[in-house]
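Novice: Sequence first, then the predicted structure, then my questions.
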Amino acid sequence: MEPTPPQTACFEAGIKFGSLYHQFAGTPVSPESAGSLARAIEASIENQPFCTGVDVEILDDVLAAELAGQSADYTELTGRFMNVEMTIEHEDRLVVASMAMDGDYPRMTLDRIEER
């Protein structure tokens, strides 16, 4: 059985989130580098097939709170420091997926599927 266009689009969203999270987790990040890191993540993931948009928000307030208790001026990027939304288009389907913290876990969620 061949996957349907919506199934393929959802699969592609999962691949992009796996790539995003595991490629960039552990990257050194500071308040000064947060914006350029977010743009680099977006540009990297948008290179992948069917990805038509990525919006990465590095949470400056959470990052600042983490750094307030440390001697270093940076920390490692993890899911608790970012919210992400991405758009995947495959054939006549648009998939919007996001990542945000769910308790102590960076939950990646399928938000909606639209027919074009």
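Specialist: That came through, no problem.
Novice: Spell out which residues sit in contact with residue 71, please.
Specialist: If a contact means Cβ atoms under 8 Å, 6 or more residues apart in numbering, then residue 71 has no contacts. (Glycine included, C-beta is placed from N, CA and C.)
Novice: How much space separates residue 5 from residue 113?
Specialist: To residue 113, residue 5 is 9 Å away according to Cβ to Cβ, to the nearest Å.
Novice: Please identify every residue contacting each of the two.
Specialist: residue 93.
Novice: is the residue nearest the centre of the chain in a bridge, and if so with what?
Specialist: Centrality entry for the chain: nearest residue to the mean C-alpha point is residue 84, 3.9 Å, by Cα atoms, centre = their mean. For residue 84, the residues forming beta bridges with it (DSSP bridges) are residue 56, residue 99.
Novice: Make 13 the starting number, not 1.
Specialist: Sure thing, new numbering starts at 13, so read that last one as residue 96.
Novice: Check the gap between it and residue 50 for me.
Specialist: 9 Å.
Novice: joint contacts of these two?
Specialist: 68-69.
Novice: hang on, isn't residue 75 packed against residue 45?
Specialist: No: Residue 75 sits out of contact with residue 45 when judged by Cβ atoms under 8 Å, with a separation of 10.0 Å.
Novice: between these two, who's got more neighbours?
Specialist: More neighbours surround residue 75 than the other of residue 75 and residue 45, with 20 against 16 (other Cβ atoms under 10 Å).
Novice: For the more buried one, pull up the helix or strand it's in.
Specialist: helix 72-80 (DSSP states H and E).
Novice: from what I can see residue 21 touches residue 108, true?
Specialist: No: counting by Cβ under 8 Å, residue 21 stays clear of residue 108, with 10.0 Å between them.
Novice: Just list what the lengthiest helix in the chain packs against, helices and strands only.
Specialist: Secondary structure of the chain per DSSP state H: the longest helix is helix 17-36. Other elements packing on helix 17-36 under the criterion 3 or more Cβ pairs under 8 Å, 6 or more residues apart in numbering; DSSP states H and E are helix 46-58, strand 63-70, strand 94-102, strand 105-114, strand 117-127.
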